[in-house]
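I need the structure of the sequence given here:
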Amino acid sequence: MNQVVYDVPMALDLTLSHTDGLLPSLAMARNKKHVQNARQHTLGPMPPVAFIDTFLPLADDNKRGNLMTFNNAFKDVPRTADTPAAIYKPLVRPLVSRVVGWRRVLTRPQAAALNKNSPRKSRCPGFVFDTSIERSARPLRLGYTKPHICCFTAANAKIVDRADNNTRVELGYAELFIDVRPDSSFDFLIDPPTDASTETRAAHNFFREYPLAFEDSEYDAAERAFGLHIALAAEILARQARTCLFTVSVFGPLARLYRWDREGCVVTAAFDFHAHPGTLLEFFWRFAQASSGERGHDPTTMVANREAEALFREAIRSHVRAQLDVDGPELDKAVSAHYAPGHVSVIIVHPELEPGAESYFVTSYRTMLVSRPVVSPLHLEGRGTRGYWAVNPQTRRVMFLKDTWRVGPVEELEGDILARLNECDVRNIPRQDVHGTAAEDSDMLRTGIYKQFTQTGLFAREKWACRIDGNVIRTTPREHYRLVTDAAGYSLKTLREPEELLHAAYDVFTAMRDALEKDARIHRDLSIGNIVLFKEPDRRIRRGYLIDWESSARIDSDGDAVRTGRAGTWEFMSMRLLSIGDAESKHRFEDDMEALFHVVLYSGIRYLSHDLSTPDLTTFVDAVFRASVPYDGGALGGWGKVSNATNRVLLRKVHFRSAGFQEWINTMMDYQWPPAELKEKYKDMWTPVHVNAYWSEFLKSRELEHDGRVVHTLSTRNLRDPISPSNTPEVPHTGDPHKLRKRSVDDENVGGPSGLKKARIDEHRQLTATTRDCPIATPRRSARIRNMEHDFRGAPRSAAGAMFEAGAPCYSRPSKRRPGTRPRK
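Okay, here's the model as predicted:
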């Protein structure tokens, strides 16, 4: 088995034709959210030398024989440029002079500043740097572009080179990437002065402040670049089995090093890599010497062999057939949601340690086979949860594996909570099979196996750590945790009819009541993602299972949760919790009841037939489920829910095709918040007993429709990127120039009447002439040679890098050339 897993499949959307959650046209909105979140999870500026020594320590300093000299490493790289290409190309393929015919011209060979090597020495031994952005069919669009430079193993570079340019395969195999910008104005981070005192440094604001003017082009360009950098890091973490990721940013003559994990990011101070090439090259050389685990790969995930893949495929097909009662092409399509050919992995689940133990001699462990997850992590910091249909190779049974980065340490693990609820015979919840924190090493027969944990927060108290937006950065430590249960079902989003929705929701309500009565526990995170539909042999309607008990808590004698703080999914939180600050929040069972109602209402307006138009539906969802305003470091909301409850101002506009479902929605609203004329009738009816009595009788007495599924989409017009051109620009092509580009399933329609297409091309040409971060149109041959000669000579040094030249910490290596001798050609 290969110890490193690359190119992990991504979860698909409901149509099973696109990656879920990464719609290219919404990339700008996602990236802005990435930057907003990074303001709370970024620590810096760490001294570059300390960064390298901490994260890439060198065990034996004598093993430096394969390290090339640092002298003149970046002499062909301009300090500033008009476009990123003028910097990233010589980083990977430097300009050299050769004679063609009767004239001398400049060309770019394959060996380069970063790729430079000799028979015994190399800049980054065993690795290859490639200009991945040139493999992007739409490099100017945020949702399609790729890193300027990616670093691959030599073997993986060949795999990437053979792949279709329309795929995102580079992010599935990248060991690290380099983001390149023309000059230092694109740097979103601001270092304190090098001679700043401890007090000055502690008060310094590390991120750019929000602009006072409505439009600030420099701020917008820097935010756009940083948001794309974070988005690419997040996607690599989603497309690989990783514990962390290293990346590099280049801003003209300056560079920064980053380390990302599920707790946040540690980033270095900017350093002038022209004046101090040893710092950047030492980082790359140390990176090459590191083990796969030190480079960020998860050692407890491995590639499965062919026999294991065949076993997995057949077990999944059998389970899908039983769950959906389908066959033939429909079965093949349904199987693709869980199985990607050639991408089956082995995940090792270590049994959880005894309380208080830090290591032990491992004698037993569980291996599970997985392939395409049903949930992929789309955000960088946080739980980073993947959910798999997993196969136990010993029993060939299909289970559900939750792979997540939980908050740690905690008093109760989710697996222990589930085991207790199983002992209490709580209905309609999964049964725990095995759980445990992932080990630091894959060697199962050694002592001293420690947990995988995030490291960003370990540096929060360092003297170099600056504030962001005036706040001291306090991150949340996390541990890599896995839980295997028996509920391998389908999301509530796949509901087929009103009958199935209300029956499944009642099953969940039964689980909530059982947990309350038998274990004095409330769930605290009712959401559409935490309800699973599972087909049982003896039941016509799929059963609803309540999963994800990680946030659950016991309640005290007053009915308040013993854990303080607001938890759950924003869209479905109760009105009461949304209207008070997070610090004062204490959940009650009634909050979970209201959250379940909001889940049913949301599911109905998204997946059942009704008469709302797309604009009205979007307004409804924004007002009732999404509205929020910042408050005291958190957020407040719930006004749409309050308005809907008090006068039905929004709900009265919705008319469901199912009369029974409409009746249930209206009655539940009356139970919770009765109008003036019904206050006496429904007084004190919003209790578990009264709601259960009505709901159970309703399902027995009412004949609900057996069809009516309609998927309603929300308008995203206001979230689309207004800057990126919509056409496909020309980019350098390293393959067959006569081969036509295949269209990707993620490509948007760019055809149409010739006049419209011509207008888009004209718009693109105008943008490329005015946008700094875009490849320029290809000039005539004579102009190209003049431009290449200008780049080769190099531009004057910018003032932005001068402050890092004197006294900046760096790695350096003296030349081995004897004084008075000439360098070898």
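
got the phi/psi numbers for residue 268?
Residue 268 adopts backbone torsions of phi -90, psi 170, taken as degrees, to the nearest 10.

and residue 437, by the same measure?
With angles defined as degrees, to the nearest 10, residue 437 sits at phi -80, psi 140.

distance of it from residue 481?
Between residue 437 and residue 481 the distance is 5 Å, computed by C-beta to C-beta, to the nearest Å. C-beta: built from backbone N, CA, C; applies to glycine.

any common contacting residues for these two?
Common contacts of residue 437 and residue 481 (C-beta atoms under 8 Å, 6 or more residues apart in numbering): residue 408.

the more surrounded of the two?
Neighbours were counted for residue 437 and for residue 481 using other C-beta atoms under 10 Å; residue 481 has more, 27 against 22.

and that one, that's in a strand?
Yes - secondary structure of residue 481, determined by DSSP: H, G, I helix; E, B strand; the rest coil: located in a strand.

now do the contacts for the closest residue to it other than its chain neighbours.
With sequence-adjacent residues excluded and distances taken as C-beta to C-beta, 6 or more residues apart in numbering, residue 481 is closest to residue 406, at 4.4 Å. Residue 406 makes contact with 383, 413, 414, 478, 479, 481, 550, according to C-beta under 8 Å, 6+ apart.

if we use 7 Å, what do you get?
By C-beta atoms under 7 Å, 6 or more residues apart in numbering, residue 406 lies in contact with 383, 478, 479, 481, 550.

counting neighbours, what do you get for the nearest residue in space to residue 38 that is not next to it in sequence?
In space, residue 38 comes closest to residue 230 once its chain neighbours are excluded; the distance is 5.9 Å by C-beta to C-beta, 6+ apart. With neighbours defined by other C-beta under 10 Å, the count for residue 230 comes to 25.

state the pLDDT value of residue 230.
We note a pLDDT of 98 for residue 230 in this prediction.

which SSE is it in?
Under the criterion DSSP states H and E, the helix or strand holding residue 230 is helix 217-239.

give me the average confidence score over the helix or strand that that helix is followed by.
Once the chain leaves helix 217-239, the next helix or strand it forms, by DSSP H and E, is strand 245-251. With pLDDT averaged residue by residue, strand 245-251 scores 98.

tell me where the model's unsure across the stretch 551-700 of the chain.
When residues are selected by pLDDT under 70, those of the stretch 551-700 of the chain lie in 582-583.

where do the helices sit along it?
Using DSSP state H, counting those that start in this stretch, the helices assigned to the stretch 551-700 of the chain run over residues 575-578, 589-607, 614-621, 639-647, 659-672, 688-701.

could you identify which of those is most buried?
Ranked by average neighbour count under the criterion mean count of other C-beta atoms under 10 Å, these are headed by helix 589-607 at a mean of 22.

OK, contacts around residue 686?
Residues touching residue 686, when contacts are defined by C-beta under 7 Å, 6+ apart, comprise 590, 671, 672.

oh, that last question was meant for residue 510, not what I typed.
Residue 510 touches 427, 428, counting by C-beta under 7 Å, 6+ apart.

quote the end-to-end distance of stretch 621-636.
The first residue of stretch 621-636 is 17 Å away from its last residue (C-alpha to C-alpha, to the nearest Å).

coming back round to it: any idea how far residue 326 is from the residue nearest to residue 38?
For residue 230, the distance to residue 326 (C-beta to C-beta) stands at 40 Å.

residues contacting residue 68?
For residue 68, the set of contacting residues under the criterion of C-beta under 7 Å, 6+ apart consists of 116, 121, 122, 123.

want to throw those into TSV with secondary structure and pLDDT?
Formatted as TSV, the entries for the contacts of residue 68 read as follows, by DSSP: H, G, I helix; E, B strand; the rest coil; pLDDT from 0 to 100:
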residue	secondary structure	pLDDT
116	coil	83
121	coil	84
122	strand	85
123	coil	88
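
show me what residue 303 is bridged to.
Assessed by DSSP bridges, residue 303 has beta-bridge partners residue 345.

could you double-check that it lies in contact with residue 5?
Yes - here residue 303 lies in contact with residue 5, judged by C-beta atoms under 7 Å, at a distance of 5.8 Å.

could you report the distance from the residue nearest to residue 38 to residue 452?
As for residue 230, its distance to residue 452 is 22 Å (criterion: C-beta to C-beta).

need phi/psi at residue 313.
Here residue 313 shows phi and psi, under degrees, to the nearest 10, equal to phi -60, psi -50.

tally of neighbours for it?
A count of neighbours around residue 313, defined by other C-beta under 10 Å, yields 18.

check contacts around it.
Applying C-beta under 7 Å, 6+ apart, the residues contacting residue 313 are residue 339.

at 10 Å instead, please
Neighbour list for residue 313: 335, 338, 339, 341, 344, 369, 371, 391 [criterion: C-beta atoms under 10 Å, 6 or more residues apart in numbering].

do the same with residue 248
Contacts for residue 248 (C-beta under 10 Å, 6+ apart) come out as 147, 149, 151, 176-180, 229, 255-258, 268, 273, 280, 283-284, 287.

one more: residue 684?
Residue 684 makes contacts with 671, 690, as judged by C-beta under 10 Å, 6+ apart.

now do it against residue 588, distance only.
15 Å.

can you check residue 79 too?
Between residue 79 and residue 588 the distance is 61 Å, computed by C-beta to C-beta.

do the same with residue 338
The spacing between residue 338 and residue 588, counted by C-beta to C-beta, is 38 Å.

number of nearby residues for residue 724?
As a measure of burial, residue 724 has 23 neighbours, counting by other C-beta under 10 Å.

please apply the same query to residue 147.
A total of 28 residues lie near residue 147 under the criterion other C-beta under 10 Å.

thinking it is in contact with residue 160, fair?
No - with contact defined as C-beta atoms under 10 Å, residue 147 and residue 160 do not form a contacting pair (11.9 Å).

joint contacts of these two?
Looking at what touches both residue 147 and residue 160 (by C-beta under 10 Å, 6+ apart), the common residues are 130, 132, 170, 171, 174.

and those residues as CSV, adding pLDDT, neighbour count and secondary structure?
Putting these into CSV (pLDDT from 0 to 100; neighbours: other C-beta atoms under 10 Å; DSSP: H, G, I helix; E, B strand; the rest coil) gives the following:
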residue, pLDDT, neighbour count, secondary structure
130, 93, 23, strand
132, 95, 28, helix
170, 97, 25, helix
171, 97, 24, helix
174, 98, 27, coil
